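**Student:** build me a model from this:
(one chain, ligands or ions: 1)
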Amino acid sequence: MTKTADIVIIGGGITGCSLAYNLALHGATNVTLLEKSGIGSGGTSRSCAILRTHYSIEYNLLHAAASLNFFKNFEEILGVDAGFHQTGYLILGPEQHKEQMETVFSLQQANGIDTSTLTPEEALSIHPMLNLSDIPVIGYDSMSGYCDPMLATNGYAKRASELGVTISSETEVATITNNNGLYTIHTNNESIETPSVAVIAGPWSNLLLRDLGIELPYVVTKHKVLNIDFHQQYDPSWPIVKDLTTPTKLYFRPTPESQMIIGTGDHGEDTNNLDNTFKDNVDENHIDNIKSHLGRLMPKLSISDNIRSWTGPYDIPPDWNPMVGNVEGHEGLYVAVGFSGHGFKLAPSIGENLALTMLDQTPSLTIQPYSPQRFTTNELLAGAYGIGSIS
Ligand SMILES: Cc1cc2nc3c(=O)[nH]c(=O)nc-3n(C[C@H](O)[C@H](O)[C@H](O)COP(=O)(O)OP(=O)(O)OC[C@H]3O[C@@H](n4cnc5c(N)ncnc54)[C@H](O)[C@@H]3O)c2cc1C
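**Tutor:** Presented below is the predicted three-dimensional model:
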C-alpha cells in the first residue's frame, strides 16, 4: 500500500521529535514521523541531557542558549514536565585555556547567561566537596541544568501528535528511493511518497542515505557513563562540573536521587558495530580511572561499590559539530546528524530552525554554519579548545 505525506521525518530521537513539533507549530500539515523502535530509544536514551551554554563557537552558544530557555519553560509551552533541574555549571580549566574561557564567559554574558569567574573560595561555597587548589581558572554559570531525556522527547512527540503529526513507532525504514524528485520511503509495512524527507536517524543516518548515493562524513564511537553512589549524600543542588584539566574532559552532574552521573567528552572507543555502542559493558580500567580522578578532585567523598553503567553512541564529523540542512544536489532531502555527544541541549533550537528552513520561512537563528556541505568547501567550525564536544 502506498500513502502520501507532505513531509516524512525518519528518527524519533530528541531532534526528530523537536522537528516534528516545530513543523506542525509553523503550519505544516500531513507530516509523518517514522521510528524503528520506541520514541527516544536511540542515542537520546543514553544521554546525560546536560544543558550548558559554554561554547567557544558562537553559533553553538546561541542555539544552546535559545534551547536552554525553551527547556526551562518546557512544561508551560508543551504541557509536559521534561524533568528540568537548574543546578548551574562549573567549568574548571587549565592555564592554557584561560584566555579562551574568559572570552566565552563574556560572550555568554552578552547573550543573557549569568556567568562569572570565581575564586576557589567562591566555587567552594557552591560545591563544597571540590579540591580546587591547583585549578588555574574557574567559571560558573547559574542558569545551566539538565533534563530527563525520555520525558523531554516523549513530551515533544505527544504535543506534535496533538498538533496533527502522525507518529509511527516500531516502524523501520528499509530503503529510500528517489524518482524524479519524489521520495518513496519503504517501511516494514507500507510505502510513503513524499516530496520532502528529513533523515534524523542519529548514527544510523548513513545506512539510510547510502540508498541515495550519499555518505556523510562522520564516525561512530562508544561512550561510557557511570552512575555512582557515595557513602555520603551527593547533594542534588550541587552544580554540574566540567573539568577541562583532565585529558578526557570529564563531566559530572547530580541526579535527583542524590547520585552522580559521570561521563567523558573525549573521542570514545572506535567501533564498526553500532549495536556494540548499546551493549553497556564498561571495563574495570575505565571505572578505576574515573574513581582516581574523583578521588583527587573530591577527596572528602567516599565512593560506594554500588556503581551502575551504560554506554551509547556519539556520531562525530571531522569538526565535532552537527550537519543540519539540505543535502546539496538532493532537493527536498534534509539531515540533522553528527551531534558528537552534544546534541540534546541543541534540539529545541535546531528543530525550530530546521523546520522554518524546510517551510521556506525565515529562521530565528541561522543553521547555515552547520551545512553538511562545509566539509567540501572547507568551512569547518573550529572551537577554541581543540577537537571535542565542548567546541
Ligand atoms: C553517553 C551519552 C551522553 C550524552 N550526554 C549528553 C549531554 O549531557 N548533553 C547533550 O546535549 N547531549 C548529550 N549526548 C548527545 C545527545 O544525546 C545526542 O546528540 C542526541 O540525543 C541525538 O538525538 P537524535 O534525535 O539526533 O538521535 P537519536 O536519539 O539517535 O535518534 C535517532 C533515531 O532514529 C531511529 N532510527 C534509526 N534508523 C531508523 C530506521 N531505519 N527507521 C526508523 N527509525 C530509525 C533510531 O531508533 C533513533 O531513535 C550524549 C550522548 C551519549 C551517547
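**Student:** all the strands of the stretch 251-391 of the chain, residue numbers only.
**Tutor:** Secondary structure of the stretch 251-391 of the chain (DSSP state E, counting those that start in this stretch): strands at 260-264, 269-270, 303-316, 323-326, 333-337.
**Student:** so what touches stretch 346-353?
**Tutor:** With contacts defined as CB atoms under 8 Å, 6 or more residues apart in numbering, stretch 346-353 is touched by 14-15, 17-22, 60, 62-64, 66-67, 70-71, 156, 322, 324, 336, 339, 343, 363-367, 370. For every residue, glycine as well, the C-beta is placed using N, CA and C.
**Student:** thinking again about what came up before, of all the strands of the stretch 251-391 of the chain, which one is nearest the ligand?
**Tutor:** strand 303-316 (2.8 Å; CB to the nearest ligand atom).
**Student:** any part of the closest one near the ligand?
**Tutor:** Yes. In terms of CB under 6 Å from any ligand atom, part of strand 303-316 sits within range of the ligand, namely Gly312, Pro313, Tyr314.
**Student:** out of the contacts of stretch 346-353, which touch the ligand?
**Tutor:** Okay, of the contacts of stretch 346-353 touching the ligand (CB under 6 Å from any ligand atom), that's Ile14, Thr15, Phe339, Gly343.
**Student:** neighbour-wise, give me the winner out of these.
**Tutor:** Ile14 (36 neighbours; other CB atoms under 10 Å).
**Student:** where does the stretch 151-300 of the chain dip in pLDDT?
**Tutor:** By pLDDT under 70, the stretch 151-300 of the chain contains no weakly predicted segment.
**Student:** 90 instead, please
**Tutor:** 180-181, 188-189, 233, 272, 280-281 (pLDDT under 90).
**Student:** closest residue of it to the ligand?
**Tutor:** Gly202 (2.4 Å).
**Student:** ok, back up a step: looking at the ones next to the ligand among the contacts of stretch 346-353, which one is closest to the ligand?
**Tutor:** Gly343 (2.4 Å).
**Student:** the closest one is in contact with Asn321, isn't it?
**Tutor:** No. Contact criterion CB atoms under 8 Å: Gly343 and Asn321 do not qualify, at 10.0 Å.
**Student:** spell out which residues of this structure are next to the ligand.
**Tutor:** Residues of the chain lying near the ligand (CB under 6 Å from any ligand atom): 10-16, 34-37, 41-44, 46-50, 172-173, 200-202, 204, 208, 223, 225, 263, 312-314, 339, 341-345.
**Student:** now a ChimeraX select for only the buried ones of those.
**Tutor:** Only the buried entries of the residues of the chain next to the ligand go into this ChimeraX selection, using 16 or more other CB atoms under 10 Å:
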select :10,11,12,13,14,15,16,34,35,36,41,42,43,44,46,47,48,49,50,173,200,201,202,204,208,223,225,263,312,313,314,339,341,342,343,344,345
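**Student:** can you show me the helices along this protein?
**Tutor:** Along the chain, counting by DSSP state H, helices occupy 14-25, 58-72, 74-78, 98-110, 120-126, 149-162, 205-209, 284-297, 347-358.
**Student:** mind listing what the residue most central in space within the chain touches?
**Tutor:** Centroid-nearest residue in the chain, with CA atoms, centre = their mean: Gly343, separated by 1.9 Å. Residues in contact with Gly343, defined by CB under 8 Å, 6+ apart, are Ile14, Thr15, Gly43, Pro322, Ile350.
**Student:** so what's Tyr251 closest to, chain neighbours aside?
**Tutor:** Lys242 (4.7 Å; CB to CB, 6 or more residues apart in numbering).
**Student:** now swap in Ile390 and tell me
**Tutor:** Gly265 (5.8 Å).
**Student:** and the one you found, how far from Gly40?
**Tutor:** Separation of Gly265 from Gly40 (CB to CB, to the nearest Å) stands at 22 Å.
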